[in-house]
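Enquirer: could you look at this predicted model? Sequence included:
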Amino acid sequence: MLFLFLPQVDSSCETFADLPLCGKTQKGLSENGYTVPTDIQRGCIGLALKGCDVLGAAKTGSGKTLAFLIPILEVLFRNKWSKIDGLGALVITPTRELALQIYQTLCKVGKHHDFSAGLIIGGKDLHFEKTRMHLVNIIICTPGRLLQHMDENPLFTCSNLKILVLDEADRCLDLGFEESMNCIIQNLPPERQTLLFSATQTKRVKDLIRLSLTDPKYISVHEHAKYRTPEGLTQSVVFCEQHEKMPMIWSFIKTHLKQKVIVFMSTCNQVRYTYDILCKLHPRVTLLALHSKLHQSKRMEIYQSFCNKQFAFLFATDLAARGLDFPQVNWVIQLDCPEDVDTYIHRVGRTGRYQKGGEGLLVLRPAERPMLEYLQNSRIPISEIKINPSRIFSPHVKIEAHLAMYPELKASAQRAFVSYAKSVFLMKDKTVFDVKSIDHDKYARSLGLVISPRIRFLKRAEKKAQSLPTTTEENINSEDKSEEDEEDKENDDEEEIPKEIGGKDGSDSEDDVLVLKRKLEVPADIDTSADLGENPNKKLKVITKAALAKRTLKKNILPNKKIVYTEEGEVMLDKMKEKITEAGRNYEANISEGGINIDEAKVVLKEEDKWDRKLFREKVKARKRAMKRKLKEEKRRELAGDPESSGDDGELPDLSWLPDPDVVYGKKSQEETLVFLFILTPDRMFLLSCFFIITFFFFFFIGMSKRTTTKRSLQRTGNPMQNHRTSTCLSEIKKK
Ligand SMILES: Nc1ncnc2c1ncn2[C@@H]1O[C@H](COP(=O)(O)OP(=O)(O)OP(=O)(O)O)[C@@H](O)[C@H]1O
């Protein structure tokens with residue numbers, strides 16, 4: 001049996017110094033500017049230090065994080081916890097960003113302690129974590145990742161665990177995490193202290209039993225406060241139709257450029273599309289988008305970026321609704337109706353944190369008016385305001401132009417459209433959420449779509465309802481429940497649970513976890529195809545050659561074949577395309593009968609490859625032979641004096657761009673050129689040599705005859721002078 005107490009907050013404790021905290025904790029607190037504890041800290045820290053199980057509830061931004069981090073440090077310090085003691089404290093949070101934020105606060109406040117702390121969240125290096133988990137004293141984690149370590153990491157043990165904390169406890173214990181949390185709790189030692197914190201604390205006995213709390217103390221510091229939301233918050237509501245939301249948010253951005261704003265939307269697809277299209281419109285302020293479909297590193301980058309920005313617009317799903325402490329947020333706009341009052345409280349609580357002011361704007365469709373009543377009945381001060389139509393600028397024309405230009409944007413718009421419709425359809429509270437109250441055509445047009453995408457699941461549900469009039473919501477829910485459970489089993493982290501929207505492309509997840517609570521009506525089955533009969537997703541999908549081949553094979557379509565005939569009507573084989581080998585031909589013949597036999601294809605390829613190589617070698621040889629023949633031909637032409645011999649048969653290359661050799665080397669004389677040519681041409685060389693030979697013999701014979709005559713006269717006279725004279729006389733006589 002559980003007894004819940006509402007202990008009084010110790011008002012005598014004015015500063016942290018009044019609390020029984022060790023010097024190291026005190027130092028860490030004062031160094032970070034924490035001197036005066038908040039109500040929830042005053043109420044919980046003392047009880048937690050006494051070893052009680054505590055359920056802490058306080059408004060958003062009231063300092064619940066320190067209310068459990070200080071007891072963690074103190075409990076471990078008092079137990080003289082060291083490295084070898086292993087895991088002493090475990091903090092479980094529903095989102096990675098929140099886990100990171102808590103980890104950062106712990107590092108700041110506990111920096112003078114010697115404990116080791118670890119951030120264990122999805123998307124990080126699992127192997128690295130595995131090797132260090134057993135050395136960590138304090139773990140901040142998301143349920144999925146923790147369970148993964150419990151299942152897979154033999155080094156990880158929780159047997160020494162002293163203190164368990166569930167931040168955003170109601171979320172951790174709800175349907176989306178039920179399976180994981182049950183498994184985690186089973187693995188934890190029963191003798192431990194448990195602290196649960198949330199702005200919307202669970203009081204369900206079922207949850208408390210699950211956690212086997214012993215004598216839990218319920219501390220709700222604002223239980224009797226006038227309002228459930230922070231006092232510094234100004235909250236308003238405007239009513240507009242779904243198709244008016246886009247011009248409204250665009251106008252808001254243009255008129256609030258020097259503000260830090262969070263805009264909440266129902267689904268990832270909406271966030272993605274709104275962010276993409278508004279970026280294209282260049283609003284002159286930083287736009288950011290945070291949703292679960294982003295990569296982990298990107299998520300962290302965006303989270304940090306928005307923390308550091310002075311002016312920015314963050315479009316987010318309910319991933320950012322709980323716990324995140326973005327500094328200096330001026331506005332929180334809930335562009336889509338929250339699922340329930342609790343979700344509203346968490347979303348709006350991202351502004352007006354810790355004694356600061358902030359503005360909250362809720363945008364409701366007229367059909368969602370009952371939500372306003374719920375809020376007002378839940379002690380939430382919210383007043384209706386009207387939109388000034390003269391301040392509304394519609395970016396519709398530009399949006400349409402961008403969609404016409406970028407097909408991927410169009411597909412994104414279609415997904416956003418269907419996602420929103422489905423999210424409304426899946427909402428449990430039908431008094432607020434009625435999918436039929438949306439003017440689909442107008443909404444589609446406001447997103448830049450000319451034709452509204454078909455919403456098949458809606459028609460199917462209608463048909464189902466007609467054919468099965470007895471089908472109660474409970475029946476449907478019980479069916480869907482099993483589906484959800486199945487999904488839970490498959491997914492280990494909150495962000496990774498594909499719940500609501502997206503169907504086959506596995507779109508929404510984190511924010512869809514919330515939607516899961518609304519019970520899935522039909523299995524994810526979305527057709528975003530427009531009435532034009534074309535599926536935009538298909539358009540965008542990258543079709544690989546392999547996919548195409550598979551498709552063709554499935555259809556049993558044979559590709560066209562080109563057959564060339566000779567003049568005699570015989571088929572000419574194209575050696576490059578036709579299979580030459582026997583194996584190849586057999587394979588070709590059989591391929592039409594069945595699919596591709598990989599082994600056989602390999603053998604055929606090898607065979608064909610051999611043949612291809614042979615063909616290639618022959619080709620190379622033939623080319624060489626042709627070259628030789630050509631050279632010979634050229635030589636022959638040169639010898640025959642054909643001026644065209646040196647050139648190719650075809651066109652001569654244009655060498656006009658080359659420098660004039662006469663200019664470069666100086667002009668040579670005509671004779672030189674002639675001699676040059678003379679020497680160069682072989683036929684002229686031949687003639688020249690003949691000329692030389694004849695001349696040589698001519699002079700040779702003349703010389704010889706002269707010598708013979710002289711010899712004879714010498715033999716006769718013996719005086720060469722006389723001889724000469726004699727010869728001259730003789731010649732004169734001969735002449736006479
Ligand atoms: N004692 C304190 N003195 C000064 N500032 C504080 C104190 N305690 C908390 N804060 C600041 O208040 C802000 C909100 O704290 P915290 O995030 O713990 O709120 P919360 O109650 O957990 O909010 P939520 O319900 O949204 O999770 C933080 O910026 C934190 O630094």
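Expert: Okay, I see it. Fair warning: this is a prediction, and the values are worked out from it, not measured in the lab.

Enquirer: name the nearest residue to the residue of the stretch 301-450 of the chain found nearest the ligand, sequence neighbours excluded.
Expert: The ligand sits closest to Tyr354 of the stretch 301-450 of the chain, with a gap of 3.2 Å, by CB to the nearest ligand atom. (Each C-beta comes from the backbone N, C-alpha and C, glycine too.) Excluding the flanking residues, the one nearest Tyr354 by CB to CB, 6 or more residues apart in numbering is Gly61, at 5.0 Å.

Enquirer: pLDDT at Val9, what is it?
Expert: Looking at Val9, its pLDDT stands at 54.

Enquirer: so who does the closest residue to Arg204 other than its chain neighbours touch?
Expert: The shortest distance from Arg204 to any non-neighbouring residue, by CB to CB, 6+ apart, is to Leu173 (7.8 Å). Residues in contact with Leu173 (CB atoms under 8 Å, 6 or more residues apart in numbering) are Leu166, Met181, Thr202, Arg204, Asp207, Arg210, Leu211.

Enquirer: quick check: the second one vs Glu578, distance?
Expert: So the one you mean is Met181. Distance, Met181 to Glu578, by CB to CB, to the nearest Å: 66 Å.

Enquirer: tell me which of the two has more neighbours.
Expert: Met181 (21 against 14; other CB atoms under 10 Å).

Enquirer: buried sites along the helix or strand hosting that one?
Expert: Here Met181 sits within helix 178-187, counting by DSSP states H and E. Across helix 178-187, burial judged by 16 or more other CB atoms under 10 Å covers Glu178, Glu179, Ser180, Met181, Ile184, Ile185.

Enquirer: in the stretch 301-450 of the chain, which spans are helices?
Expert: 341-348, 369-377, 396-405, 407-426, 440-446 (DSSP state H, counting those that start in this stretch).

Enquirer: tell me which of those is the most buried.
Expert: The highest average neighbour count among the helices of the stretch 301-450 of the chain, using mean count of other CB atoms under 10 Å, belongs to helix 407-426 at a mean of 24.

Enquirer: mind checking how far the helix or strand hosting Lys706 is from the chain centre?
Expert: Following DSSP H and E, the helix or strand that holds Lys706 is helix 682-717. In terms of CA atoms, centre = their mean, to the nearest Å, the centre of helix 682-717 is found 101 Å from the chain centre.

Enquirer: now swap in stretch 412-421 and tell me
Expert: 20 Å.

Enquirer: check stretch 89-97 too.
Expert: Distance, centroid of stretch 89-97 to centroid of chain: 25 Å (CA atoms, centre = their mean).

Enquirer: what is the mean pLDDT for it?
Expert: Stretch 89-97 carries an average pLDDT of 95.

Enquirer: list the buried residues in it.
Expert: Buried, per 16+ other CB under 10 Å, within stretch 89-97: Ala89, Leu90, Val91, Ile92, Thr93, Pro94, Thr95, Arg96, Glu97.

Enquirer: my read: the fifth one touches Ile139, true?
Expert: No. Proximity of Thr93 to Ile139 does not meet the contact threshold set by CB atoms under 8 Å, at 11.1 Å.

Enquirer: for stretch 232-243, measure first residue to last.
Expert: Taking CA to CA, to the nearest Å as the measure, stretch 232-243 stretches 32 Å from start to finish.

Enquirer: that stretch near the ligand anywhere?
Expert: No. Residues of stretch 232-243 contacting the ligand under CB under 6 Å from any ligand atom: none, with a closest distance of 12.1 Å.

Enquirer: how far off centre is that stretch?
Expert: Here the centre of stretch 232-243 is set off from its chain's centre by 33 Å, with CA atoms, centre = their mean.

Enquirer: quick one: contacts of it?
Expert: If you take CB under 8 Å, 6+ apart as the criterion, stretch 232-243 is touched by 229, 248, 348, 351-352, 355-366, 369, 372, 375, 380-387, 420, 438-439, 442-443, 445-446.

Enquirer: many thanks, we can stop here.
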